[in-house]
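> everything below, folded, please.
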Amino acid sequence: MSKSTIIKSVETLACDAGWRNYHFVKVTTTDGLVGWSEYDEGFGAPGVTAAIERLSARVVGKNAFEHERIYAELFAATRPAAGGVVALALGAIENALLDVKAKALGVPCYDLLGGKIRDRVRVYWSHCATWRINHPDWYKPAITDLDGVKAIGAEVREKKFTAMKTNIFVYTDGKPQGWRPGFGSPFQPEINIDRTVLRNLCMHLEAIRDGAGPDVDLLLDLNFNAKTEGYLKILRAIEKMDMFWVEIDTFNPQALGYIRRQSPHPISSCETLLGLREFLPYFTEQAMDVAIIDTPWNGVWQSMKIAAAAEHFEVNVAPHNFYGHLCTMMNAHFCAAVPNLRIMETDIDRLAWDHELFTHVPEFVDGHLVIPDRPGWGTEPNEEGLRAHPPKNKGGLLNYGLKK
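Residues are numbered from 1 along each chain as shown. The predicted structure follows:
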């Protein structure tokens, strides 16, 4: 378009985020426009920063308006090792280019995606009880028993959120502990589901439902914590509970389709998939009711293509969103523009310093996120705030199960 959108530099920044780090891409043009995106290395993907820095040489000097061309060129250059960390790097770069383009045009990013369909998006309170149990040093008040689980359910209702999602816990002497063998904590590679896990999961769900009351939707995330047999055991155990959805991760679309056809509850899945090619086998198998798309990983522009394919298969979508506030705003623009939206994930429990890291924080009203009309993503990192909280050398999923 003009000299103002020629890319001068691509930088990466990071800061401390409690049990992990937050990561950002900063794209600067020759005329001083700055575009931002947030990405993640803590969800099983170390090395994204190195990939971004290596790929940046092919981005500098290009026109930021031509983000599709840049993405296609980067994909071609990395085709022999497509997917994984490389795909996450491409998504992070694409998202920063979208921010540059929108700011150059003086419009919100949702205008680049076809314009907004909705002014606000229904959200669910994700990791409800989970963060206060698993990371009590950073998320307060700590939850140490079923009474605390019941109390946070009541808090969800009192703060006027209409949906909440929790995870699997086992209670030893009344104290909850996250049960995540799919992520190596505890290390049980056979990933079987026994009576103790089933009994404790039901107890946990009943407590959070008791606190929230009958009018708050309840979601359950099982992650990769079972095999097909185990997922079916869980679904049978919670058959009579009123579930909004049960979230299941599996790398086999036929297995997930088999589970869905026997499930009394809607099934959501696919948050770890990268690119339309990985989603298509799940769509053709009719494996899930809701396709979860990680837009920071895939890139918001590419995610719109995945959502369009989901529409063809009569499947709604929801974003995967458990990162910092910039990711939340990136996902908000996706949710504002995509027709076949089900609901949006967000973390309400935040770090004490989260608000220091960004120029604007998300606004929630009656369980909905209000879509901003500011140019670009509507927020960006505060570099002074990032410097005040330097990143740690370790964190995220790679620390699960390690002794302190």
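
> make it CA atoms for all contacts and neighbour counts henceforth
OK.

> how about whichever strand or helix holds residue 345: buried residues?
Using DSSP states H and E, the element containing residue 345 is strand 344-346. Buried residues in strand 344-346, counting neighbours by 16 or more other CA atoms under 10 Å, are found at 344, 345, 346.

> now do that strand: distance to the chain's middle.
Chain-centre distance of strand 344-346: 8 Å, with CA atoms, centre = their mean, to the nearest Å.

> kindly report the same for stretch 97-113.
22 Å.

> again with stretch 388-403
Using CA atoms, centre = their mean, the offset of stretch 388-403 from its chain centre is 18 Å.

> please list the outside residues in contact with that stretch.
Contact with stretch 388-403 is made by 14-17, 19-22, 41-44, 183-187, as judged by CA atoms under 8 Å, 6 or more residues apart in numbering.

> before we move on, the earlier item: ok, and what's touching the strand holding residue 345?
For strand 344-346, the surrounding residues in contact (CA under 8 Å, 6+ apart) are 121-126, 318-322, 328, 332, 335.

> that one pairs with which strands?
strand 120-125 (parallel) (DSSP bridges).

> list the buried residues in the strand it pairs with.
Buried-residue list, strand 120-125, by 16+ other CA under 10 Å: 120, 121, 122, 123, 124, 125.

> of these, just say which sits nearest to residue 376.
Nearest to residue 376 out of the buried residues of strand 120-125 is residue 120 (CA to CA; 16.9 Å).

> so for the lengthiest helix in the chain, what gets flagged as buried?
When the chain is parsed with DSSP state H, its longest helix is helix 84-105. Neighbour-count burial for helix 84-105, counted by 16+ other CA under 10 Å, picks out 85-104.

> heading C-terminal from the strand holding residue 345, find the next helix or strand.
According to DSSP H and E, the helix or strand after strand 344-346 is strand 364-365.

> quick revisit: pLDDT of the strand holding residue 345, averaged?
Averaged over strand 344-346, pLDDT sits at 98.

> so residue 381 versus residue 6, what's the distance?
To residue 6, residue 381 is 22 Å away according to CA to CA, to the nearest Å.

> residue contacts, the closest residue to residue 189 other than its chain neighbours?
Excluding the flanking residues, the one nearest residue 189 by CA to CA, 6 or more residues apart in numbering is residue 181, at 6.8 Å. Contacts for residue 181 (CA under 8 Å, 6+ apart) come out as 187, 188, 189, 191, 225.

> at 6 Å instead, please
187, 188, 225 (CA atoms under 6 Å, 6 or more residues apart in numbering).

> now do residue 368
Contact partners of residue 368, counting by CA under 6 Å, 6+ apart, are 120, 121, 122, 123.

> leaving out the residues flanking it, which one is nearest to residue 330?
Leaving aside its sequence neighbours, residue 330 sits nearest to residue 377 (CA to CA, 6+ apart; 5.8 Å).

> the one you found and residue 336, how far apart?
Distance from residue 377 to residue 336, by CA to CA: 12 Å.

> between these two, which one's more packed in?
Applying other CA atoms under 10 Å to residue 377 and residue 336 shows that residue 377 carries more neighbours, namely 31 against 24.

> ok, that one to residue 360 distance?
Residue 377 sits 10 Å away from residue 360, going by CA to CA.

> please parse the chain into its domains.
If you go by the TED database, the domain ranges for the chain are 4-107, 110-376.

> export the ones you listed to a markdown table and tack on distance to residue 393?
Formatted as a markdown table, the domains of the chain follow (distance: least, CA to CA, whole Å):
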| stretch | distance to residue 393 |
| --- | --- |
| domain 4-107 | 9 |
| domain 110-376 | 18 |
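
> residue 387 is nearest to which of these?
domain 4-107 (7.1 Å).

> now that closest one, how far from the centre of its chain.
Centre to centre, stretch against its chain (CA atoms, centre = their mean), the figure for domain 4-107 is 18 Å.

> what's the answer for stretch 134-141, then?
For stretch 134-141 - counting by CA atoms, centre = their mean - the centre lies 20 Å from the chain centre.

> same check on stretch 241-254?
On CA atoms, centre = their mean, the centre of stretch 241-254 falls 16 Å from the chain's centre.

> list the buried ones in stretch 150-159?
150, 151, 152, 153, 154, 156, 157.

> of the residues you listed, which belong to helices?
150, 151, 152, 153, 154, 156, 157.

> want to throw those residues into TSV with distance to residue 395 and pLDDT?
Formatted as TSV, these follow (distance: CA to CA, whole Å; pLDDT from 0 to 100):
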residue	distance to residue 395	pLDDT
150	29	98
151	29	98
152	26	98
153	28	98
154	31	98
156	28	98
157	32	98
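
> test my guess that residue 191 contacts residue 224.
No. Using CA atoms under 6 Å, residue 191 is not in contact with residue 224, being 8.7 Å away.

> pLDDT weak spots in the stretch 251-400 of the chain?
Across the stretch 251-400 of the chain, nothing is flagged by pLDDT under 70.

> helices of the stretch 101-250 of the chain, start to end?
Ranges of helices in the stretch 101-250 of the chain, per DSSP state H, counting those that start in this stretch, are 109-112, 130-134, 146-158, 195-212, 228-237.

> out of those, which gets nearest to residue 266?
Per CA to CA, nearest to residue 266 of the helices of the stretch 101-250 of the chain: helix 228-237, 10.5 Å.

> what average pLDDT does the closest one get?
Predicted confidence along helix 228-237 averages 98 (mean pLDDT).

> and the contacts of that helix?
So helix 228-237 is contacted by residue 193 (CA under 6 Å, 6+ apart).

> just the C-alpha atoms of it, please, in CSV.
Output of helix 228-237 as CSV, limited to C-alpha atoms (Å, rounded to 0.1, in the frame of the first residue of the first chain):
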residue,chain,number,x,y,z
THR,A,228,-11.2,-43.9,24.6
GLU,A,229,-12.3,-46.5,27.3
GLY,A,230,-11.7,-44.0,30.0
TYR,A,231,-13.5,-41.1,28.4
LEU,A,232,-16.5,-43.4,28.0
LYS,A,233,-16.3,-44.3,31.7
ILE,A,234,-16.3,-40.7,32.6
LEU,A,235,-19.2,-39.8,30.3
ARG,A,236,-21.3,-42.7,31.8
ALA,A,237,-20.4,-41.6,35.4
